[in-house]
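Visitor: Sequence plus predicted model, see below.
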Amino acid sequence: MKLSDFTRWSNRATEWGQKYLDTLRSRPVRAQVNPGEVIAQLPDRAPEQPEPMERIFADFTRIVPDAMTHWQHPRFFAYFPSNAAPASMVAEQLANTISAQCMLWQTSPAATEIETRMVDWLRDALGLPDHFSGVIQDSATSSTLSAVLTMRERALGWEGVAKGLSSAPRLRIYASSQTHSSIDKAVRLAGIGQDNLVKVACDENCAMRPDALARAIADDRARGYLPAGVVICVGGTSIGASDDVAAIVEVARRENLYSHVDAAWAGSAMICPEFRPLWAGIEGADSIVFNPHKWLGAQFDCSVQFLADPSAQIRTLGLRPDYLQTLGQDEVTNYNEWVIPLGRRFRALKLWFLMRAYGLQGLRERIRNHVAWVAELEREIDALPHFRITSARRLALFTFQYAPPGRDANAATESLLKRINDDGRIYLTQTTHEGQFVIRMTAGSFDTTREDVMSVLDVLRDLATD
Ligand SMILES: *Cc1c(COP(=O)(O)O)cnc(C)c1O
């Protein structure tokens with residue numbers, strides 16, 4: 001394909017995209033393919049000779065869309081949403097075309113400065129105090145790994161990055177059982193080890209008990225271990241549980257531990273002041289992550305990490321070899337020093353388009369609607385015969401079970417879920433809560449409607465026929 005054909009093919013792609021998005025409701029949400037069906041349609045080897053774009057595009061439309069689960073489908077109620085507001089997709093197309101590698105200010109002045117401004121806009125929109133600055137990352141997993149590495153190095157006085165961990169004391173990180181597996185992954189990758197992630201006991205709300213945290217830290221110190229940090233959960237993935245941020249941060253401060261808050265999903269809801277009690281005390285945290293691609297509407301991927309004092313993380317992750325010096329520009333921000341990869345995409349552009357095209361009011365209204373509709377659905381499901389709510393709604397997430405008389409509720413719920421997802425009108429996923437197999441229901445697609453959310457009831461009525 002020649003550069004002179006770029007407009008033609010971009011337009012073709014855009015026209016296809018508009019039609020795809022307009023007709024999403026008529027497609028099954030979850031891909032209805034079997035493993036291996038796609039790879040069987042692809043030749044064993046790459047072509048030696050160029051192929052015409054016409055043929056490549058035809059193969060795309062023939063093979064790909066039906067073999068994808070449609071994350072932008074308005075009846076996608078699984079996992080957590082991964083959104084792509086139309087304006088943010090346009091921004092992403094522009095960033096794709098410029099295709100800059102935004103490691104240094106010098107390699108990408110506009111990307112760097114828009115990033116600084118967008119993180120500040122988001123900080124203010126979420127009601128965070130202005131001592132926070134931040135950086136855009138690819139994922140909450142990367143943001144959390146950055147924070148855990150910083151916990152490690154801060155506790156070791158930055159000896160780990162210099163000498164390795166072989167003679168270091170045994171480091172300890174604390175979190176509740178409701179925290180995401182990305183915390184487990186971070187302690188594994190940071191050389192701290194899974195066995196040194198202490199899962200602190202929770203109270204009846206699935207929130208970490210501050211007294212249990214304090215006791216675990218004291219026990220560890222008595223054994224000669226080195227407590228380094230605590231990961232606080234706000235809106236956990238399983239049932240949406242949250243820790244008491246103020247109480248946990250207070251223990252962390254008293255014990256000189258670094259605190260990192262994982263609000264990957266729930267963070268977006270904090271643009272609405274009425275939801276902020278959920279993370280009361282957040283101003284005392286050292287690090288916070290949330291994913292604007294999840295609920296706010298930014299095209300995937302886009303994770304924002306706020307830092308009370310970025311210098312600890314920069315000292316942990318930043319390197320400045322000769323070939324990355326920006327001569328005479330010591331005062332500029334080089335965001336690669338804040339994160340793990342050197343190369344960085346221009347993710348700030350889609351935040352700029354997103355916040356301007358919908359306004360904070362428009363973004364708040366969507367989240368408020370999702371919460372209200374999910375609350376309405378929760379009441380309706382609770383009233384259906386043989387259904388029970390297994391964890392009460394937190395923001396826009398609750399779980400439920402199907403328990404027809406004379407049947408094992410776990411087995412009945414699992415088989416109902418399979419029928420729901422084979423049916424295709426909606427898409428739901430499961431979790432384990434208090435040892436039970438339960439179905440998670442969460443709404444957060446950018447253009448979902450009340451009718452879409454309430455359609456869950458029709459599907460349940462049609463398919464729960466045991
Ligand atoms: C989605 C999620 C993550 C992982 O996010 P990635 O960006 O995919 O790494 C971590 N924590 C919570 C609470 C989440 O909801």
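Guide: Sure, I can see it.

Visitor: rest of the way, CA atoms for contacts and neighbours
Guide: Will do.

Visitor: Read off the pLDDT value for the residue lying farthest from the centre of the chain.
Guide: Within the chain, Gln49 marks the point farthest from the mean C-alpha position, 40.6 Å out by C-alpha atoms, centre = their mean. pLDDT for Gln49: 97.

Visitor: What are the buried residues along the host helix or strand of Ala111?
Guide: For Ala111, the host element (DSSP states H and E) is helix 109-125. For helix 109-125, a neighbour-count test (16 or more other C-alpha atoms under 10 Å) marks Ala111, Thr112, Ile114, Glu115, Thr116, Arg117, Met118, Val119, Asp120, Leu122, Arg123, Ala125 as buried.

Visitor: Distance to Ala228 added to these, as CSV?
Guide: Converted to CSV, the buried residues of helix 109-125 look like this (distance: C-alpha to C-alpha, whole Å):
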residue, distance to Ala228
Ala111, 34
Thr112, 31
Ile114, 33
Glu115, 30
Thr116, 29
Arg117, 31
Met118, 31
Val119, 27
Asp120, 28
Leu122, 28
Arg123, 26
Ala125, 30
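
Visitor: between those residues, which is nearest His293?
Guide: The closest of the buried residues of helix 109-125 to His293 turns out to be Leu122 (C-alpha to C-alpha; 13.0 Å).

Visitor: ok, Gly318 - contacts?
Guide: Applying C-alpha atoms under 8 Å, 6 or more residues apart in numbering, we find Gly318 in contact with Asn336, Glu337, Trp338, Val339.

Visitor: in its sheet, what does the helix or strand just after the helix holding Ala111 sit against?
Guide: Scanning forward in sequence from helix 109-125 by DSSP H and E, the next helix or strand is strand 133-137. Sheet pairing of strand 133-137 (DSSP bridges) gives strand 303-307 (antiparallel).

Visitor: Next, the residue farthest from the centre of the chain: secondary structure please.
Guide: What DSSP: H, G, I helix; E, B strand; the rest coil gives for Gln49 is coil.

Visitor: Strands along this protein, start to end?
Guide: With DSSP state E as the criterion, the chain has strands at 133-137, 171-176, 197-200, 226-233, 258-262, 287-290, 303-307, 387-394, 397-402, 429-433, 436-442.

Visitor: Take those and lay them out in a markdown table including mean pLDDT, distance to the ligand and mean neighbour count.
Guide: Shown next, in a markdown table, are those (pLDDT from 0 to 100; distance: least, C-alpha to the nearest ligand atom, whole Å; neighbours: other C-alpha atoms under 10 Å):
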| stretch | mean pLDDT | distance to the ligand | mean neighbour count |
| --- | --- | --- | --- |
| strand 133-137 | 97 | 9 | 24 |
| strand 171-176 | 97 | 12 | 25 |
| strand 197-200 | 97 | 16 | 20 |
| strand 226-233 | 98 | 7 | 27 |
| strand 258-262 | 98 | 6 | 27 |
| strand 287-290 | 98 | 8 | 28 |
| strand 303-307 | 98 | 6 | 25 |
| strand 387-394 | 97 | 13 | 18 |
| strand 397-402 | 97 | 11 | 26 |
| strand 429-433 | 95 | 13 | 17 |
| strand 436-442 | 97 | 12 | 24 |
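
Visitor: With distance to Glu250 added, can I get those in a markdown table?
Guide: Shown next, in a markdown table, are these (distance: least, C-alpha to C-alpha, whole Å):
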| stretch | distance to Glu250 |
| --- | --- |
| strand 133-137 | 21 |
| strand 171-176 | 14 |
| strand 197-200 | 16 |
| strand 226-233 | 11 |
| strand 258-262 | 10 |
| strand 287-290 | 14 |
| strand 303-307 | 17 |
| strand 387-394 | 24 |
| strand 397-402 | 28 |
| strand 429-433 | 29 |
| strand 436-442 | 31 |
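
Visitor: my read: Pro74 touches Asp452, true?
Guide: Yes. Proximity of Pro74 to Asp452 meets the contact threshold set by C-alpha atoms under 8 Å, at 6.6 Å.

Visitor: neighbour count winner among those two?
Guide: Neighbours per residue (other C-alpha atoms under 10 Å) separate Pro74 from Asp452, with Pro74 holding more: 23 against 20.

Visitor: Output the contacting helices and strands for the longest helix that the chain contains.
Guide: When the chain is parsed with DSSP state H, its longest helix is helix 348-383. Here helix 348-383 touches helix 86-98, helix 109-125, strand 387-394, helix 450-463, going by 3 or more C-alpha pairs under 8 Å, 6 or more residues apart in numbering; DSSP states H and E.

Visitor: List the buried residues for that helix?
Guide: Applying a neighbour-count criterion of 16+ other C-alpha under 10 Å, one finds 348-355, 360, 363-364, 366-371, 373-375, 377-378, 381 buried in helix 348-383.

Visitor: all helices for the stretch 201-350 of the chain, in order.
Guide: Assigned by DSSP state H, counting those that start in this stretch, the helices in the stretch 201-350 of the chain fall at 210-222, 245-254, 311-317, 348-383.

Visitor: relative to helix 245-254, how tilted is the first one?
Guide: To tie it back to what came earlier, the one meant is helix 210-222. Note on geometry: by axes from the mean of the first three to the mean of the last three C-alpha atoms, to 10 degrees, helix 210-222 and helix 245-254 are set 20 degrees apart in direction.

Visitor: Please identify the buried residues of stretch 172-191?
Guide: 172-180, 182-188, 190-191.

Visitor: Could I get the phi/psi values of the nearest residue to Thr112 once chain neighbours are set aside?
Guide: Spatial nearest neighbour of Thr112, chain neighbours left out: Trp105 (5.6 Å); criterion: C-alpha to C-alpha, 6 or more residues apart in numbering. Note on Trp105: backbone dihedrals following degrees, to the nearest 10 are phi -50, psi -50.

Visitor: For Ser146, which residues are in contact?
Guide: Neighbouring residues of Ser146 by C-alpha under 8 Å, 6+ apart: Gln313, Leu317, Val339, Ile340.

Visitor: Output those of the residues you listed also counted as contacts of the ligand.
Guide: Filtering those for proximity to the ligand by C-alpha under 6 Å from any ligand atom leaves nothing.

Visitor: circling back: among the helices and strands packed on helix 348-383, which is nearest Met151?
Guide: Nearest to Met151, of all the helices and strands packed on helix 348-383, is helix 109-125, at 22.3 Å by C-alpha to C-alpha.

Visitor: Distance from the chain centre to that closest one, please.
Guide: Mean-position distance between helix 109-125 and its chain equals 19 Å (C-alpha atoms, centre = their mean, to the nearest Å).

Visitor: what's next to that helix, contact-wise?
Guide: If you take C-alpha under 8 Å, 6+ apart as the criterion, helix 109-125 is touched by 102, 104-105, 129-130, 132-136, 270-271, 304, 306, 333-335, 346-349, 351-352, 360.

Visitor: ok, now stretch 91-99?
Guide: By C-alpha under 8 Å, 6+ apart, stretch 91-99 touches Gln299, Arg345, Phe346, Arg347, Leu349, Lys350, Phe353.

Visitor: Output these as TSV; include the columns pLDDT.
Guide: Formatted as TSV, the contacts of stretch 91-99 follow (pLDDT from 0 to 100):
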residue	pLDDT
Gln299	96
Arg345	96
Phe346	97
Arg347	97
Leu349	98
Lys350	97
Phe353	98
